[in-house]
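*Asks:* Here you go, sequence then predicted model.
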Protein chains: 2
Amino acid sequence: MSKYVFYYFDAKALGESSRLLMAYGGQEFEDRRHTDEEWPAIKPKMLFGTVPLLEIDGKQYAQSKAISRYLGRKYGLVGDTPEDALEIDQIVDFLVDFRLKAEETSSRLMPDAAVRERNYAAYSKNVFPDYLEKLNAIIVKNNGHLALGKLTWADFMLAGSFDYLRNLLRMPDLSTKYPAFQQVVDNVYSIPQVKSYADAAPYTEE
Amino acid sequence: MSKYVFYYFDAKALGESSRLLMAYGGQEFEDRRHTDEEWPAIKPKMLFGTVPLLEIDGKQYAQSKAISRYLGRKYGLVGDTPEDALEIDQIVDFLVDFRLKAEETSSRLMPDAAVRERNYAAYSKNVFPDYLEKLNAIIVKNNGHLALGKLTWADFMLAGSFDYLRNLLRMPDLSTKYPAFQQVVDNVYSIPQVKSYADAAPYTEE
C-alpha cells in the first residue's frame, strides 16, 4: 500500500473531507497536524506553500478540493458518467463559493473588524440565506445528499467543513434551522469506518 | 450531436476557457452573451443563479471550473491517470486562488475604493509576486504548460482568463515580465480550431 502523509492544521475546516475520505477508503495515513506557531517553518516545504497537502510515496499534492476529488474517484464516489462527475463538481464549487463569502466575515481571514462586521451585516441579510435555501432545496431533492441522490465525495466536503461553516455563519442553530444539512453530515459520519476514525480523532472545535 | 448552449457575459474572464475548449473539441455551441442590463432577468433562470452555465440538451450545468474540467475530460485533456488529473486540478485551483485574491482589488467586485486600494497596495507587494513566481516556475518546468509537461485543460483556464487577470493585476506588461504566461496563451491560441473560433469571436477587452 502506498504511504500517505496528510498535512494540515489541527482543525477540520478544509482538511477534514480528505481525512474522512481516506478513512472511508480504508487508506492508512499519517495525520500531521501543526499549530499556528509551527506553520511558518512548514510552509516553505509545501508544494504551493499551502495546506491541506497530501504526500503519496513522497510526492506532494495540494489543494483541498483536488485532493478530495482524487480520493473520491479512487473510492467510487464520483458517479458513473462524466455528467455525474460534473454534477458533483458543480455543487462542490457552489459550496466553496458559499464558504469563501462566509470567510469574508472571519476574524482569522478578515483582520479588519470594520470591514468584517459590515460584510457580516450585509451577507447575513442578502447572501447567506440565498445559499442556505438553495443548498437546502438541493439536499432535499437528493434524499439527504448533495448530488445524484446518493453518497458522493461532495457529501464529505460538506460533512468535513460543517462545524467550520456553522461558526463562520455564527449560526449555532444551523442544524435545527436547516435539518437537511445535518442529514448530509449524519449520512457521512454514520458510515462505520468514518465513525471509527472520527471517534478516535483529536477533538477540534471546527 | 448534443445541443450545447453556453451562457455568460459578453466577456472572456471566467467563460472563455469553456468556449475555447468547445472550439478545441469541435463542439458547436450557441454562444449566449448578455449585457449587465440583461443579467437580472436571466439570473433567476440559471441553475444556481450564476454564469458561466452550460446547457446540454436542455439540462443546465454551472460553475466555470466544473464545466471546463468536464469538457477537458471529454476531449482527452485530463492526462492518463487519476494522479495526472489531480496534478491538473491542483494547479487550476491554485490559479483560481490567485484570481480570487486579484479580484479583491477589482472595481467591479470590490466597490469600496478604500478597501480595494489598500488590498492592491498590500497584495502587489506581498501576494501577487509570490503567485507569479510560483506559476512562472511551474510553466517553465512544464515546457510552456501548467501541468504534465503537455497541453491540458489547465492551459485553457489560464489562456481564457489571461486578459482579465492582467487587468486585475494592472500589469499591461505581464507578458513581457513573465513570458512563460504568454507561452501558455500562445500554445492554446495557436491550435487551428481554437484560432478560428477566437478570430471570429466578438472582441472583448477581458
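*Replies:* On my side now, so go ahead. Numbering: from 1, shown residues only, chains lettered A, B, ... in the order given.
*Asks:* Grab the longest helix from chain A for me.
*Replies:* Criterion DSSP state H: the longest helix present in chain A is helix A:82-103.
*Asks:* okay, the angle between that helix and helix B:82-103?
*Replies:* 40 degrees (axes from the mean of the first three to the mean of the last three Cα atoms, to 10 degrees).
*Asks:* distance between the helix or strand following helix A:82-103 and the chain's centre?
*Replies:* The C-terminal neighbour of helix A:82-103 among helices and strands, as given by DSSP states H and E, is helix A:113-126. In terms of Cα atoms, centre = their mean, to the nearest Å, the centre of helix A:113-126 is found 23 Å from the chain centre.
*Asks:* Please list the residues outside helix A:113-126 that contact it.
*Replies:* With Cβ atoms under 8 Å, 6 or more residues apart in numbering or on different chains as the test, helix A:113-126 has contacts from A:101-102, A:104-107, A:110, A:169-170, B:112, B:115. C-beta coordinates here come from the backbone N, C-alpha and C atoms, glycine included.
*Asks:* how much space between the residue of chain A positioned farthest from its centre and residue A:61?
*Replies:* Going by Cα atoms, centre = their mean, the residue of chain A most distant from its centre is residue A:114, 27.7 Å out. As judged by Cβ to Cβ, to the nearest Å, residue A:114 and residue A:61 stand 38 Å apart.
*Asks:* go on, residue A:202?
*Replies:* On the measure of Cβ to Cβ, residue A:202 and residue A:61 end up 23 Å apart.
*Asks:* picking up where we left off before, could you export the longest helix of chain A as PDB, CA atoms only?
*Replies:* Extracted in PDB, the C-alpha atoms of helix A:82-103 (Å, rounded to 0.1, in the frame of the first residue of the first chain):
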ATOM      1  CA  PRO A  82     -18.700  12.300 -17.000                       C
ATOM      2  CA  GLU A  83     -22.000  14.100 -16.500                       C
ATOM      3  CA  ASP A  84     -22.300  12.600 -13.000                       C
ATOM      4  CA  ALA A  85     -18.800  13.900 -12.200                       C
ATOM      5  CA  LEU A  86     -19.800  17.300 -13.500                       C
ATOM      6  CA  GLU A  87     -22.900  17.400 -11.300                       C
ATOM      7  CA  ILE A  88     -20.800  16.600  -8.200                       C
ATOM      8  CA  ASP A  89     -18.100  19.200  -9.200                       C
ATOM      9  CA  GLN A  90     -20.600  22.000  -9.700                       C
ATOM     10  CA  ILE A  91     -22.100  21.600  -6.300                       C
ATOM     11  CA  VAL A  92     -18.700  21.400  -4.600                       C
ATOM     12  CA  ASP A  93     -17.700  24.600  -6.300                       C
ATOM     13  CA  PHE A  94     -21.000  26.200  -5.300                       C
ATOM     14  CA  LEU A  95     -20.400  25.100  -1.700                       C
ATOM     15  CA  VAL A  96     -16.900  26.600  -1.800                       C
ATOM     16  CA  ASP A  97     -18.300  29.900  -3.200                       C
ATOM     17  CA  PHE A  98     -20.500  29.900  -0.100                       C
ATOM     18  CA  ARG A  99     -17.600  29.200   2.200                       C
ATOM     19  CA  LEU A 100     -15.500  31.900   0.600                       C
ATOM     20  CA  LYS A 101     -18.200  34.500   1.100                       C
ATOM     21  CA  ALA A 102     -18.500  33.400   4.700                       C
ATOM     22  CA  GLU A 103     -14.800  33.700   5.200                       C
END
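*Asks:* which helices and strands does that helix pack with?
*Replies:* helix A:64-74, helix A:128-141, helix A:153-169, strand B:59-62, helix B:64-74 (3 or more Cβ pairs under 8 Å, 6 or more residues apart in numbering or on different chains; DSSP states H and E).
*Asks:* Tabulate the ones you listed in CSV, adding columns for mean neighbour count and distance to residue B:36.
*Replies:* Listed next are the helices and strands packed on helix A:82-103 as CSV, based on neighbours: other Cβ atoms under 10 Å in any protein chain shown; distance: least, Cβ to Cβ, whole Å:
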stretch, mean neighbour count, distance to residue B:36
helix A:64-74, 24, 30
helix A:128-141, 16, 20
helix A:153-169, 24, 30
strand B:59-62, 17, 19
helix B:64-74, 24, 18
